[in-house]
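> Sequence first, predicted coordinates after that:
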Amino acid sequence: MEKNTRRKFMKTLGASIGVASVAGSSSLLNSCAKIESNNGDKIKLLTSSGELVEVDKSQLKPAEMPSLTEFQKRGREGLPGKSWVMVIDLAKCRNARQCMKACQNHHQLRPEQHHINVLQMQDAEHTAPYYMPKPCQHCDNPPCTKVCPVNATFKRDDGIVLIDNERCIGCRFCIAACPYSARVFNWFEPRDAEKYKGVTYNIEANVPQKKGTISKCLFSADRLRDGKLPSCVSACPNGVYWFGDRNEDAVTNGTTKETVNLTALLKQNAAYTLMEELGTKPRVYYLPPKDRAFPFQEEIKNDH
Amino acid sequence: MNNKISYIIIAILFLSVQSFAQEWLVPGDQRNIKNPLEYNLDNVQKGKDLYLKNCKSCHGDPGKNNALPLVPPPVDITSEKMQKNTVGELFYKITNGRGGMPQFKTNISEDDRWRIVNYIMNFNPNREPVLVAAPKVKAKIMASVNEKERKVEVFAEHEVKGKYSSLGNEQITISAKKYFGNIKIGEVTTDNNGRAEFNIPESLIGDEEGNVNMVVSLGEDYIAEAVLLEEAKVGQNKKVQKLIKPGILWSTNENIQIWLLLSYIGAVGAAWAAIAYVVFQLIKVKRLGKTEH
């Protein structure tokens, strides 16, 4: 008798739980369906032309993300018909280091990693010291791309030397080959690694950076695609950098936004390139530090 | 003893406050030098040209407070802070610079530095300005490009008492559009009828087909929209150099060189053809042997 009642109790309990769960889940399902089919729910969106429009929520679809292969393809090809060059006016540099800061922010670099570095120079014992920003020279005859065993670093038709971190195996042959020490290695997790999680890798910015691979100056190839000057060029407060297309024979100053004739600028100021005796054919021109706008601030260290 | 310490503390505080205020002290003997140049229209006008070339990029247009956002901020030349300086102080500061402000000792001559001082003094409330900017006048430019004769024809008008009439003897700037900005290619002055013709220089470089986008604009004294001319084939063809030969290390089918592909297929084909020839010859020999007997 006792057993009976107990079994009965369990039965009713089970049945009631079953009914309750079915009822509960169906009501839950109903409510879900309601949200999806609720046509009255609208959200406001701003169109690219600046108009505010209302769209039904049910019409919304996730946007297409640019794919890695697409970035890699267009990154290999470069911008058609362009030939990027940089002119650095050493007479204007006062070691403000805004270029380095902007560059490190753009390319997710740790404080000790430099795509562009402002060096303190003194060429000989009795010559005057000066500041020299040194980015990658984007050589037309680059030694670095030739030693890469996996075709990760390459030269584009618009003159830029890039690196594909997805292909790079971290052998560092290119670091050894580069006479300008323009390349850096990601020995550690890159800066703000958490923030860049899930971002599609953009070969034209080397972002997100990958531990165990090489990174280098890219002339901000992603910004050039949008018609913007490179990060370092636009960040300079002293008018040091000129940047432009050699095919157009025009360069634009990042600070004053003035556009001038490239040939005339190089000729009038006796421009030179770094270590051209190596036959690398650099794309970065230097204007000599004559009539410097700012005095050299520190004592030059004589420890070499 | 206590007194001494408090004096020292006060002195330190005073000094630090002074350095916080970023006071730019000019040596006493420099402060009161007289301006050797006369304060006249010629010197002020030249000073303005020098200012536009050397100072404007940071200090901005006078009175518009559009200086670059630097630290410490470049001061507008019409501001009270700037005009508080004596001419000697201005000259000293332009000459030697400090921090973000460059020195101009080596790249602007002494006379020209004084001319810049004269131009700054033009905005001094205690002085009679010699260079008075005329109120800006509304103006219109009409321009077209003549591809055959390689000319830009310009007609300019300005508003006089509510009516538009032709604008004579005014400088008009012609620029060409480049990827990051416009480059000035020349200037023309309008005749009495407000018309001008500009001969496009041969050296102008266009795009791959020689097309150039030109911009025609008036000087700063007018409120006029710059005219963007239609794309015209008046420039040299942009020479585009091929830097890269496709097909390099670790060739895939995508970037293989044609001669390599053909010679490979040819070699393989020749080997197979040789084998086939031998096999057919053997079959032939066998058949011949059968028919003889």
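Good, I have the coordinates.
> Would you map the strands across the chain?
In the absence of a named chain, this looks at chain A. A:42-46, A:52-56, A:84-89, A:117-121, A:130-134, A:153-155, A:161-163, A:183-185, A:214-216, A:241-245, A:250-253, A:259-261, A:284-287 (DSSP state E).
> wait, chain B
Per DSSP E, chain B carries strands over the ranges B:137-146, B:151-160, B:163-166, B:171-177, B:182-189, B:195-199, B:211-212, B:214-218, B:222-223, B:227-228, B:232-233.
> and among those strands, the most buried is which?
Counting by mean count of other CB atoms under 10 Å in any protein chain shown, strand B:214-218 has the highest mean neighbour count of these, with a mean of 22. To be clear about C-beta, it is placed using only N, CA and C from the backbone, and glycine gets the same treatment.
> Output the strands of chain A as TSV; include the columns mean pLDDT and mean neighbour count.
Shown next, in TSV, are those (pLDDT from 0 to 100; neighbours: other CB atoms under 10 Å in any protein chain shown):
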stretch	mean pLDDT	mean neighbour count
strand A:42-46	84	11
strand A:52-56	86	10
strand A:84-89	96	24
strand A:117-121	93	16
strand A:130-134	94	21
strand A:153-155	92	23
strand A:161-163	95	24
strand A:183-185	96	19
strand A:214-216	96	24
strand A:241-245	96	27
strand A:250-253	95	26
strand A:259-261	95	21
strand A:284-287	97	22
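> In a markdown table, list the ones you listed along with distance to chain B.
Listed next are those as a markdown table, based on distance: least, CB to the nearest CB, whole Å:
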| stretch | distance to chain B |
| --- | --- |
| strand A:42-46 | 27 |
| strand A:52-56 | 28 |
| strand A:84-89 | 9 |
| strand A:117-121 | 16 |
| strand A:130-134 | 13 |
| strand A:153-155 | 6 |
| strand A:161-163 | 10 |
| strand A:183-185 | 19 |
| strand A:214-216 | 17 |
| strand A:241-245 | 5 |
| strand A:250-253 | 4 |
| strand A:259-261 | 4 |
| strand A:284-287 | 13 |
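> Can you say which of those is nearest to A:G198?
Minimum separation from A:G198 across these (CB to CB) falls at strand A:214-216, 19.6 Å.
> which bits of the stretch 101-250 of chain B sit near chain A?
Proximity of the stretch 101-250 of chain B to chain A, by CB under 8 Å from any CB of the partner chain, involves residues B:102-104, B:106-107, B:178-184, B:205, B:207-208, B:238-244, B:248-250.
> And the most centrally placed residue in chain A, how far from chain B?
The centroid of chain A falls nearest to A:A205 when counting by CA atoms, centre = their mean (2.6 Å). Distance, A:A205 to chain B, by CB to the nearest CB, to the nearest Å: 19 Å.
> pretty sure that residue contacts A:D222?
Yes: using CB atoms under 8 Å, A:A205 is in contact with A:D222, at 4.5 Å.
> nearest residue to the residue of the stretch 51-200 of chain B found nearest chain A other than its sequence neighbours?
Per CB to the nearest CB, B:P102 is where the stretch 51-200 of chain B lies closest to chain A, at 3.4 Å. Of all residues not flanking B:P102 in the chain, A:A293 sits nearest, at 3.4 Å (CB to CB, 6 or more residues apart in numbering or on different chains).
> close enough to count as contact, the one you found and B:K105?
No: at 10.0 Å, A:A293 and B:K105 do not qualify as touching, with contact defined as CB under 8 Å.
> of the two, who's got more company?
A:A293 (22 against 16; other CB atoms under 10 Å in any protein chain shown).
> who's in contact with that one?
Contacts for A:A293 (CB atoms under 8 Å, 6 or more residues apart in numbering or on different chains) come out as A:A91, A:K92, A:R94, A:N238, B:G97, B:P102, B:Q103, B:F104, B:N107.
> and those, which are buried?
Buried members of the contacts of A:A293, counted by 16 or more other CB atoms under 10 Å in any protein chain shown: A:A91, A:K92, A:R94, A:N238, B:G97, B:P102, B:Q103, B:F104.
> Was I right to think the first one contacts A:D291?
Yes: taking CB under 8 Å as the contact criterion, A:A91 and A:D291 are neighbours in contact, 5.7 Å apart.
> Verify the contact between B:A196 and B:I172 for me.
Yes: between B:A196 and B:I172 there is a contact at 5.9 Å, judged by CB under 8 Å.
> Report the set of residues contacting both of these two.
B:V154, B:A156, B:V188, B:T189, B:T190.
> can you redo these as CSV with pLDDT?
As requested, these are exported to CSV (pLDDT from 0 to 100):
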residue, pLDDT
B:V154, 92
B:A156, 91
B:V188, 92
B:T189, 92
B:T190, 91
